[in-house]
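> sequence first, then the predicted structure, then my questions.
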Amino acid sequence: MSRKAFAVLGVIGFLASAGVAFAQSASSAPEPMVLQVNKNGSVLMRGTVDSVSSGSLSVKSWGGDWTVDIGASARVLPSSLTLANFKQGDFVGLIGTADSNDMTITATLIRDWSARQALSQEAKSNHQAVRATLADRPRVIQGTLSNLNTTAATFTLTNAAGTVYTVSLDSGAKILGRNWVTITLSQAATGNTVRVYGVVSGSTIAASVFRDVSVK
């Protein structure tokens with residue numbers, strides 16, 4: 001791309017995004033197709049993912065399709081995602097540096113707004129479901145995880161008073177992270193702080209909810 005065309009795109013992007021910051025509250029909907037480029041090549045862009053490949057995305061925004069390179073040092077948001085979680089049609093926002101010779105951007109930060117919205121809705125749904133289980137008055141026990149058997153879905157939980165419980169997860173138990181988003185049991189690790197919601201019988205717990213507050 002010529003420097004003249006690049007400058008024109010910068011002006012267009014600036015006008016399109018005037019007064020709009022990259023970081024918005026969770027309740028704010030981002031503006032579509034924003035492209036702001038300053039004279040040093042720093043870029044603020046929003047657009048729609050056309051395709052995903054190893055280490056890069058193709059993003060449709062002002063001026064057409066842009067190749068966005070995402071290196072290992074780039075920050076990906078929400079933090080629970082990797083590039084492999086991005087998909088065609090997702091709406092994304094990014095900050096980076098543009099190459100003046102072609103439509104390529106090296107991203108330093110990229111946010112998947114579509115995934116953020118989906119994760120927010122999932123967290124809300126999980127939170128409501130867990131609150132509903134409390135209507136049956138199961139106990140909530142917090143402690144440190146050890147002796148995890150992911151196949152049998154069992155582990156040991158030691159609370160702050162030193163009481164040791166053997167916990168087994170019910171079939172279909174919800175397995176959640178700190179942000180109430182679904183995780184896998186294999187993401188939990190020895191020493192993590194966990195909370196279980198279930199029925200206590202002596203030193204055993206039959207849990208319907210497992211929440212690892214050490215995992216985002």
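Perfect, thanks for sending it.
> nearest residue to the middle of this protein?
Within the chain, the residue whose C-alpha comes closest to the C-alpha centroid is Pro78; the distance, by CA atoms, centre = their mean, is 3.0 Å.
> and stretch 122-133, what's its mean pLDDT?
When the per-residue pLDDT values of stretch 122-133 are averaged, the result is 74.
> for it, buried residues please.
Burial within stretch 122-133, assessed by neighbour count using 16 or more other CB atoms under 10 Å, is assigned to Ala123, Asn126, Val130. For every residue, glycine as well, the C-beta is placed using N, CA and C.
> pretty sure the last one sits in a strand.
Right, Val130. No - counting by DSSP: H, G, I helix; E, B strand; the rest coil, Val130 is not found in a strand; it is helix.
> spatially nearest residue to it, not counting backbone neighbours?
For Val130, the nearest residue in space outside its immediate sequence neighbours is Val209; the separation is 5.3 Å by CB to CB, 6 or more residues apart in numbering.
> which ones are touching that neighbour?
Contacts of Val209 were listed using CB atoms under 8 Å, 6 or more residues apart in numbering, and they are Val130, Thr133, Ala173, Lys174, Leu176, Arg195, Val196, Tyr197, Gly198.
> report pLDDT for the fifth one.
Among the per-residue scores, Leu176 shows a pLDDT of 92.
> about what we covered before: bridging residues for the residue nearest to Val130?
When bridges are taken as DSSP bridges, the partners of Val209 come out as Lys174, Tyr197.
> which pLDDT does the model give it?
You'll see Val209 listed with a pLDDT of 92.
> gap between it and Val194?
With the distance defined as CB to CB, to the nearest Å, Val209 ends up 10 Å from Val194.
> domains in this protein, by residue range?
Following the assignment in automatic domain parsing, the chain carries domains at 3-114, 137-212.
> by mean pLDDT, show me the worst of the ones you listed.
Of all these, the minimum mean pLDDT falls on domain 3-114 (a mean of 75).
> quick one on the thing from earlier: save the buried residues of stretch 122-133 as TSV, and put in distance to Ala107 too.
Output for the buried residues of stretch 122-133, formatted as TSV (distance: CB to CB, whole Å):
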residue	distance to Ala107
Ala123	26
Asn126	30
Val130	36
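> tell me the one of these nearest Val59?
Within the buried residues of stretch 122-133, distances to Val59 taken as CB to CB reach their minimum at Ala123, with 26.2 Å.
> which residues make contact with whichever strand or helix holds that closest one from outside it?
Counting by DSSP states H and E, the secondary-structure element that holds Ala123 is helix 113-133. Residues external to helix 113-133 that are found in contact with it (CB under 8 Å, 6+ apart): 26, 30, 46, 77-78, 80-81, 85-86, 89-93, 174, 176, 179-182, 197, 208-209, 211.
> sorry, back to before: could you check the pLDDT of the closest residue to the residue nearest to the centre of the chain other than its chain neighbours?
Once flanking residues are discounted, Pro78 sits nearest to Arg116: 5.3 Å by CB to CB, 6+ apart. With respect to pLDDT, Arg116 scores 72.
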